[in-house]
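> Show me how the following folds:
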Amino acid sequence: MHPLAIVGATAGKLAHYAISGVVGGLIIKNLPAAKPAARKALVGGLAGGIVASRWLAEAAEEARLKAGDVMAEARTSLGEEVPPPSAIKVENDDHGHEH
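From the prediction side, this is the model:
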């Protein structure tokens, strides 16, 4: 996996955990005395956290794809053949049946 993809994924996870922790703390702290307005605010906060985590996941995936494009361009500039993104090297192709 490319280092930029790892950084993007890690940043997304950290942001997700931070948002979830803050919202979870607010829920636990305010749960016994939650009034309808407070409950509505907590639900809105959770919804915002979900949206933010989805956005971060999409941004991390986009960064991974862009990093793959740059790697492919670098390999092409060196005269190497670039394998398709889904190409997986299989040393032993014996998977239980004949072709």
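
> Mind giving me the packing neighbours of the longest helix along the chain?
Determined from DSSP state H, the single longest helix within the chain is helix 36-77. Helices and strands touching helix 36-77, by 3 or more CB pairs under 8 Å, 6 or more residues apart in numbering; DSSP states H and E, are helix 3-30. Yep, even glycine has a C-beta here, placed from its N, CA and C like the rest.

> Helix 36-77 and the helix it packs on, what's the angle between them?
170 degrees (axes from the mean of the first three to the mean of the last three CA atoms, to 10 degrees).

> So which elements touch helix 3-30?
helix 36-77.

> Name the residues of the helix or strand of the chain with the lowest mean pLDDT that are buried.
Ranked by mean pLDDT, DSSP states H and E, the weakest helix or strand in the chain is helix 3-30, scoring a mean of 74. When burial is assessed from 16 or more other CB atoms under 10 Å, helix 3-30 yields the following buried residues: Leu4, Ala5, Gly8, Ala9, Gly12, Ala15, His16, Ile19, Val23, Leu26, Ile27.

> Now find how far off-centre stretch 49-58 is within its chain.
8 Å (CA atoms, centre = their mean, to the nearest Å).

> Let me fix that, I meant to ask about stretch 60-70.
Worked out by CA atoms, centre = their mean, stretch 60-70 lies 12 Å from the chain centre.
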